[in-house]
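J.: Sequence and computational prediction follow.
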Amino acid sequence: MARKAFDHFEAVSAVVPREGGYYAAIATKQIGGAGAPRFNKLLEDQTFKTAMEADAAAAVELTRLKGVGEEGELIW
């Protein structure tokens, strides 16, 4: 799991299970806030066989992330 912090949000590499494998994702959560993180699927045309492969792909995408919007959306 890779992590990147911004002013009010943090973003971490994540995975979302799907039939036959996993999606790569980035989860965002307000720093110090309550509630569940928001999962943003990435590379939706790709299914990874293992969670480890999906997380590695998400970590690469996380390096490109410029910020997180007020609602937890990704800013590229």
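T.: Done, it's in. Numbers count the residues shown, from 1 in each chain.

J.: and the residue nearest to residue 22 when sequence neighbours are not counted, helix, strand or coil?
T.: Nearest in space to residue 22, with sequence neighbours left out and distances taken as CB to CB, 6 or more residues apart in numbering, is residue 54 at 3.9 Å. (Each C-beta comes from the backbone N, C-alpha and C, glycine too.) For residue 54, the assignment made with DSSP: H, G, I helix; E, B strand; the rest coil gives helix.

J.: Contact partners for residue 54?
T.: By CB atoms under 8 Å, 6 or more residues apart in numbering, the contact set of residue 54 is 15, 21, 22, 23, 24, 25, 48.

J.: Wait, residue 47 touches residue 16, no?
T.: No: the pair residue 47 / residue 16 is not scored as a contact, 10.6 Å apart, by CB atoms under 8 Å.

J.: returning to that earlier point: which one (most neighbours) among the contacts of residue 54?
T.: Among the contacts of residue 54, residue 24 has the most neighbours (other CB atoms under 10 Å), with 27 neighbours.

J.: Okay, strands next: where are they in this protein?
T.: Using DSSP state E, the strands of the chain run over residues 3-5, 9-18, 21-30, 38-42, 67-68, 74-75.

J.: how about the CA coordinates for the second one, as PDB?
T.: Going back to what we said before, that points to strand 9-18. Extracted in PDB, the C-alpha atoms of strand 9-18 (Å, rounded to 0.1, in the frame of the first residue of the first chain):
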ATOM      1  CA  PHE A   9      -7.100  14.500   2.400                       C
ATOM      2  CA  GLU A  10      -4.900  11.400   2.200                       C
ATOM      3  CA  ALA A  11      -4.900   9.000  -0.700                       C
ATOM      4  CA  VAL A  12      -3.800   5.300  -0.600                       C
ATOM      5  CA  SER A  13      -3.400   2.700  -3.200                       C
ATOM      6  CA  ALA A  14      -6.200   0.100  -2.900                       C
ATOM      7  CA  VAL A  15      -8.000  -2.700  -4.600                       C
ATOM      8  CA  VAL A  16     -11.700  -3.400  -5.400                       C
ATOM      9  CA  PRO A  17     -12.700  -7.000  -5.800                       C
ATOM     10  CA  ARG A  18     -14.600  -8.000  -8.900                       C
END
